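Chemist: using only what follows, build the 3D model:
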Amino acid sequence: MNFRLLGPLEIWVADRVVTLVGARQRTLLAVLLVDSGRLVHVEQLYGELWGETPPSTVGNSLQAHVYRLRRALQQLPDPGTGPRLVTRPSGYALELNGATVDADVFHQSIARARSHMHSDPALAYALFEDALALWQGDPLQDVAQGPMCRSVALQIKEEYLTAMEDRLSLGIDIADPVRTIGELKRMSVAHPWRERITELLMVALYRAGRQAEALETYNSVRRRLVDELGIEPSVQLRQRLREILNQVPYVHGRATAQGSRIPGTESNQVVVAPPGRMRSKPA
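Modeler: Have a look, this model is predicted:
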């Protein structure tokens, strides 16, 4: 059994989808899945289900929704080994009992991928691909989101974009360069303020022998930042520009994976290191 949060809220049993009826019942399930296995206090559930205007009988109303959700879960195949909605003194918890949540699998795969980025880039790339394939759209998109669900959805979207950047960073070295450049261009249009995407696109174009396009990518982003926000590109992005202008033979595509500092930003002088390494010239 698999619960899906990365897109519409769905319950998959074998090869079929089980749909829950009722907006608040779906919201209740979403909140419990976001904190699967952990206690969710009744006060938090009041806010998620009714916002700032709970009914006068909010306690009884919550118990009624819990009863309906518990009965729906018990009607799923293999109820004895499936998830259980349990009552605690101050709230409720959902025990998965072997069921999985796609958001949990996503986080686990991303963590594994990052642990292999330097030791086994090909494996890391494959793990990123598997994790990103779970994405079916904005998280919890068909759930009436209270503060908790809304914040979790925003967090997962940010984690998704960062994972995409990490995969594309690896892709500059080990994947189809045309596909990688195409994906980076698409992402740069959809997320124009994410400078790491701009940096990776510059590197990919430079590595593909398209230096003029790499420079125009930087200039276009700089004009937008100056005209619309009144700021200059980051030190990191300007350093990449200097490396390209100096025609550094090897600009490593993973130099800024996970937000690490670009070597060479301490000085305008850049020396060429063996493939896979860049370092600033000693003072």
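Chemist: okay, and the helix or strand of the protein with the least pLDDT?
Modeler: Ranked by mean pLDDT, DSSP states H and E, the weakest helix or strand in the chain is strand 270-272, scoring a mean of 32.
Chemist: which residue, other than its chain neighbours, is closest to the spatially most central residue of the chain?
Modeler: Central residue of the chain (Cα atoms, centre = their mean): Tyr160, 1.6 Å from the mean position. Distances taken as Cβ to Cβ, 6 or more residues apart in numbering put Trp135 closest to Tyr160, at 6.0 Å, once the chain neighbours are dropped. C-betas here are computed from N, CA, C, even on glycine.
Chemist: my read: the one you found touches Leu5, true?
Modeler: No. The criterion here is Cβ atoms under 8 Å, and Trp135 misses it with Leu5 at 10.6 Å.
Chemist: for those two, indicate the residue with more neighbours.
Modeler: Leu5 (27 against 17; other Cβ atoms under 10 Å).
Chemist: thought Val34 was touching the more buried one, still the case?
Modeler: Yes. Taking contacts as Cβ under 8 Å, Leu5 lies within contact range of Val34: 7.2 Å.
Chemist: and the strands in the stretch 1-150 of the chain?
Modeler: Along the stretch 1-150 of the chain, the segments classed as strands by DSSP state E, counting those that start in this stretch run 2-4, 10-13, 16-18, 40-41, 84-88, 91-95, 100-101.
Chemist: any idea which of those strands gets closest to Val226?
Modeler: Closest to Val226 of the strands of the stretch 1-150 of the chain, according to Cβ to Cβ: strand 2-4, at 42.4 Å.
Chemist: strands paired with the closest one, and their directions?
Modeler: strand 10-13 (antiparallel), strand 100-101 (parallel) (DSSP bridges).
Chemist: now that strand: mean pLDDT?
Modeler: Taken as a whole, strand 2-4 has a mean pLDDT of 93.
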